[in-house]
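Asks: any chance you could fold what I've pasted below:
(one chain, ligands or ions: 1)
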Amino acid sequence: MSPTPPTPAGAPDWARVRADFPLLMREVNGKPLVYFDNANTAQKPLPVIDAVDAFYRRYNANVSRAVHALGTEATEAYEGARARLARFLNVPGDELVLCNGTTFALNLVAYSWALPRLQAGDVILVSRMEHHANIVPWQLVAQRTGAHIRVAEILPDGSLDLDALNAAMTGEVKLLALAHVSNVLGTVNPVREICREARRRGIVTVIDGSQAAPHLTLDVAAIGCDFYAVTGHKMCGPTGTGALWARRELLEAMPPFIGGGEMIKQVSFDGTVFNDAPHKFEAGTPNIAGFVGLGAAVDYLETLGREHIAAREQALLAHLTEELQRVDGVRIFGTTPHKAAVVSFLVEGAHAHDLATLLDLEGVAVRSGQHCAHPLLQYFGVAATCRASLAFYNTHQEVEAFIAALQKARALLG
Ligand code: PLP
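Replies: The predicted model follows:
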């Protein structure tokens with residue numbers, strides 16, 4: 001058993017932080033819950049739950065429509081969430097399209113930017129480690145335009161093969177779609193360097209920040225990409241919230257993706273004048289309560305301090321990796337030194353789903369399966385893995401409990 005590392009100076013009291021998450025107090029199958037499925041969705045702290053509750057109790061109204069007090073309060077809270085998220089990402093608020101998550105954000109780029117521009121012979125470059133949300137929209141665009149998908153391969157340690165990536169950025173490549181952090185391997189890609197190279201070659205870059213925004217100290221402006229997508233529920237915010245940041249000139253040149261109310265200035269049967277970006281991409285009534293919650297989540301993460309969150313998760317990751325490596329027959333997928341607190345693994349002779357089921361009986365929640373990344377698992381030649389993904393509110397004691405549960409499962413399956 002390894003000793004618990006000391007808390008860095010100025011870091012929050014993590015035991016008190018954990019107490020902000022009511023769900024973590026529950027038991028599963030008669031055991032204290034160990035929630036290690038944070039890459040799937042994160043748990044919500046009281047300030048987020050309270051913000052959503054207060055919205056419905058005190059000022060529920062539609063946004064940008066009514067002049068009455070509730071409508072004004074709801075609109076201010078919704079736009080306040082945009083401003084907070086923009087500050088969190090370090091981008092201007094009027095370049096941030098609010099939407100229901102990364103999947104929508106990436107499809108918005110596919111349908112509004114790529115579909116009208118790409119043509120036969122063009123290439124869309126994606127990496128082997130993408131989530132399906134950053135593969136399938138490009139395949140749909142390719143089918144309709146005659147463009148091709150090219151795959152940037154990875155190395156056995158789960159890092160991107162940067163030489164191969166550079167070599168793949170030929171003149172036909174119009175767009176590069178890349179995860180900032182892999183949801184399966186935890187690999188943190190050097191997006192700043194990659195985007196600089198892509199820009200030099202005139203390639204538009206789309207970065208999927210789903211797994212980066214909750215864990216890294218993020219500065220989207222400094223990355224130098226063209227599009228950056230985030231999803232709120234992995235950042236301790238409600239489900240059905242997220243955003244796409246895009247350079248203003250790109251947003252202005254893109255046609256709307258979905259038509260309806262809120263995205264217009266003037267409608268007649270002779271034609272419609274669209275609203276300015278980002279509103280022209282936000283048709284219909286949004287998830288107002290969700291964004292109120294996301295605004296609270298952003299405040300919460302900023303109050304904890306993103307450098308403290310990152311340090312805490314790295315300490316937990318080091319502990320988990322060290323303990324896991326000691327378990328007989330364990331294979332870890334993704335071993336680059338620069339990775340987020342996501343550990344995919346298998347135990348020799350055990351199926352991932354059987355392992356996850358036995359872990360669940362011990363109160364431990366991990367994800368098993370293909371993690372919406374079939375091509376990546378095909379590369380490793382496995383049908384499924386288990387994935388333990390950590391958040392700052394996890395504890396070193398939970399790491400020990402997870403390892404004990406895994407040893408028990410291994411003994412039963414072996
Ligand atoms: N991209 C990555 C890397 C993810 O991990 C996920 C969710 O697991 C997504 C995209 C899709 O996010 P959402 O379902 O919130 O749109």
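Asks: in stretch 402-414, what counts as buried?
Replies: 402-403, 405-406, 409-410 (16 or more other C-beta atoms under 10 Å). From N, CA and C alone the C-beta is placed, and that goes for glycine too.
Asks: columns distance to the ligand and pLDDT on top of those residues, output as a markdown table?
Replies: Putting the buried residues of stretch 402-414 into a markdown table (distance: C-beta to the nearest ligand atom, whole Å; pLDDT from 0 to 100) gives the following:
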| residue | distance to the ligand | pLDDT |
| --- | --- | --- |
| Phe402 | 21 | 98 |
| Ile403 | 25 | 98 |
| Ala405 | 24 | 98 |
| Leu406 | 23 | 97 |
| Ala409 | 24 | 95 |
| Arg410 | 27 | 93 |
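Asks: for the stretch 151-300 of the chain, what lies in contact range of the ligand?
Replies: On the criterion C-beta under 6 Å from any ligand atom, the ligand has as its neighbours in the stretch 151-300 of the chain the residues 179, 183, 208, 210-211, 231, 233.
Asks: same thing but at 8 Å, please
Replies: Taking C-beta under 8 Å from any ligand atom as the criterion, the stretch 151-300 of the chain approaches the ligand at residues 179, 181-183, 208, 210-211, 229, 231-234, 239, 242.
Asks: farthest-apart pair in the residues you listed, please.
Replies: Across these, no pair lies farther apart than Ser182 and Thr239, at 21.5 Å, counting by C-beta to C-beta.
Asks: those two: who's more crowded?
Replies: Ser182 (33 against 16; other C-beta atoms under 10 Å).
Asks: list phi and psi for the more buried one.
Replies: The main-chain torsion angles of Ser182 are listed as degrees, to the nearest 10 and equal phi -70, psi 130.
Asks: element containing Thr205, please.
Replies: When secondary structure is defined by DSSP states H and E, Thr205 falls within strand 204-208.
Asks: mind checking how far that strand is from the chain centre?
Replies: Remark: strand 204-208 is offset 14 Å from the chain centroid, using C-alpha atoms, centre = their mean, to the nearest Å.
Asks: same deal with stretch 323-334?
Replies: 25 Å.
Asks: return the set of residues that bridge with the nearest residue to Leu324 once chain neighbours are set aside.
Replies: Leaving out its chain neighbours, the residue that sits closest to Leu324 by C-beta to C-beta, 6 or more residues apart in numbering is Val330, at 5.5 Å. Counting by DSSP bridges, Val330 forms beta bridges with Val347.
Asks: please tell me how far Val330 sits from Gly349.
Replies: Distance of Val330 to Gly349, given as C-beta to C-beta, to the nearest Å: 11 Å.
Asks: the two: who's more crowded?
Replies: Ranked by neighbour count (other C-beta under 10 Å), Val330 and Gly349 place Val330 first, with 18 against 10.
Asks: give me every residue that touches Val126.
Replies: Residues in contact with Val126, defined by C-beta atoms under 8 Å, 6 or more residues apart in numbering, are 134-135, 138, 149-152, 176-178.
Asks: can you confirm whether stretch 93-111 lies near the ligand?
Replies: Yes. Remark: stretch 93-111 sits within contact range of the ligand at 100-106, by C-beta under 8 Å from any ligand atom.
Asks: actually stretch 308-318, not the one I wrote
Replies: No. Figure legend: stretch 308-318 not in contact with the ligand (C-beta under 8 Å from any ligand atom); closest approach 15.8 Å.
Asks: confirm that Ser368 sits in a strand.
Replies: Yes. Secondary structure of Ser368, determined by DSSP: H, G, I helix; E, B strand; the rest coil: located in a strand.
Asks: number of nearby residues for the closest residue to it other than its chain neighbours?
Replies: Setting aside the residues directly before and after it, Ser368 is nearest to Ala356 in space (C-beta to C-beta, 6+ apart), at 3.6 Å. The number of residues packed around Ala356, counting by other C-beta under 10 Å, is 23.
Asks: any idea how far Ala356 lies from Val366?
Replies: Spatial separation of Ala356 from Val366 under the definition C-beta to C-beta is 5 Å.
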